[in-house]
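**Q** this one's structure only:
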């Protein structure tokens with residue numbers, strides 16, 4: 001755990017993210033709970049590179065999301081809590097909804113949210129296709145989705161406010177370009193931004209979509 005804590009602190013410095021107060025303690029506890037629950041619940045395929053591949057990857061988009069000044073955010077298919085939990089630790093004034101269809105994963109999210117004392121987080125155990133809300137969200141985050149097609153955009157559009165933004169975590173530039181070409185005619189604006197993840201030698205991009 002001391003090695004993971006050092007990797008966390010160093011990664012946050014490289015990302016130029018302020019880690020004062022209780023934030024780093026909450027993030028450390030989140031990592032510890034994931035390592036504790038994962039052998040039984042299979043939340044992640046491998047926790048060997050948990051900090052770089054999941055935690056720092058999630059937080060690499062923090063400043064881009066802050067630029068949008070959201071009042072609320074929904075994390076679609078939150079799974080083990082990425083990127084929702086790390087983002088919620090930093091964006092304490094933003095109301096988060098973590099939408100997860102799996103009862104097992106939703107149970108973990110409820111428990112870890114209580115342990116961390118994240119009062120700005122609500123867990124919604126439901127498939128996103130069945131989720132509805134009268135007032136839309138300012139931001140929707142997606143991580144781990146292989147492809148964003150017109151069908152998914154149609155579903156997400158029903159959850160967004162008119163001026164809302166979809167923020168999708170993606171990988172290689174070539175794949176991002178193909179995906180953006182396929183979205184032409186379905187989105188009003190698509191923008192790709194390169195992310196640099198400390199300790200992760202892989203291409204990562206953030207795709208920001210306005211419908």
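**A** Looks like it arrived, so ask away. Bear in mind the structure is a predicted one, so any value in this text is a computation, not a measurement. Residues are numbered from 1 along each chain as shown.
**Q** Against residue 136, how distant is the residue of the chain positioned farthest from its centre?
**A** Relative to the mean C-alpha coordinate of the chain, counting by Cα atoms, centre = their mean, the farthest residue is residue 185 (26.1 Å). The gap separating residue 185 from residue 136 is 22 Å, by Cβ to Cβ, to the nearest Å. All C-beta atoms are positioned from the backbone trio N, CA, C, and that covers glycine.
**Q** and residue 177, what element?
**A** When elements are defined using DSSP states H and E, residue 177 is found to belong to helix 173-182.
**Q** Could you pull up the mean pLDDT of that helix?
**A** Helix 173-182 comes out with an average pLDDT of 88.
**Q** same for it, what does it pack against?
**A** Contact here means 3 or more Cβ pairs under 8 Å, 6 or more residues apart in numbering; DSSP states H and E; on that basis helix 173-182 packs against strand 189-195, strand 204-210.
**Q** deepest of those strands, which one?
**A** With neighbours defined by mean count of other Cβ atoms under 10 Å, none of those is more surrounded on average than strand 204-210, at a mean of 19.
**Q** and that one, which strands flank it?
**A** Within its sheet, strand 204-210 is paired with strand 160-170 (antiparallel), strand 189-195 (antiparallel), according to DSSP bridges.
**Q** Save those as JSON lines, and put in distance to residue 106 and mean pLDDT too.
**A** Supplementary listing: these in JSON lines, determined by distance: least, Cβ to Cβ, whole Å; pLDDT from 0 to 100:
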{"stretch": "strand 160-170", "distance to residue 106": "20", "mean pLDDT": "96"}
{"stretch": "strand 189-195", "distance to residue 106": "27", "mean pLDDT": "94"}
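**Q** Put together CSV for the ones you listed, with distance to residue 65 on each row.
**A** Rendered in CSV, the data for the strands paired with strand 204-210 read as follows (distance: least, Cβ to Cβ, whole Å):
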stretch, distance to residue 65
strand 160-170, 6
strand 189-195, 11
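**Q** tell me what the longest helix along the chain is packed against?
**A** In terms of residue count, the longest helix belonging to the chain (DSSP state H) is helix 23-41. Contact here means 3+ Cβ pairs under 8 Å, 6+ apart; on that basis helix 23-41 packs against helix 2-14, helix 50, helix 84-90, helix 103-116.
**Q** would a markdown table of the ones you listed with distance to residue 175 and mean pLDDT be doable?
**A** As requested, the helices and strands packed on helix 23-41 are exported to a markdown table (distance: least, Cβ to Cβ, whole Å; pLDDT from 0 to 100):
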| stretch | distance to residue 175 | mean pLDDT |
| --- | --- | --- |
| helix 2-14 | 24 | 83 |
| helix 50 | 24 | 93 |
| helix 84-90 | 23 | 98 |
| helix 103-116 | 26 | 97 |
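**Q** do you know which of those lies nearest residue 150?
**A** Minimum separation from residue 150 across the helices and strands packed on helix 23-41 (Cβ to Cβ) falls at helix 84-90, 24.9 Å.
**Q** Show me what the closest one is packed up against.
**A** Helix 84-90 is packed against helix 23-41, helix 57-59, helix 62-66, strand 72-76, strand 95-99, helix 103-116, strand 121-124, with contacts defined by 3+ Cβ pairs under 8 Å, 6+ apart.
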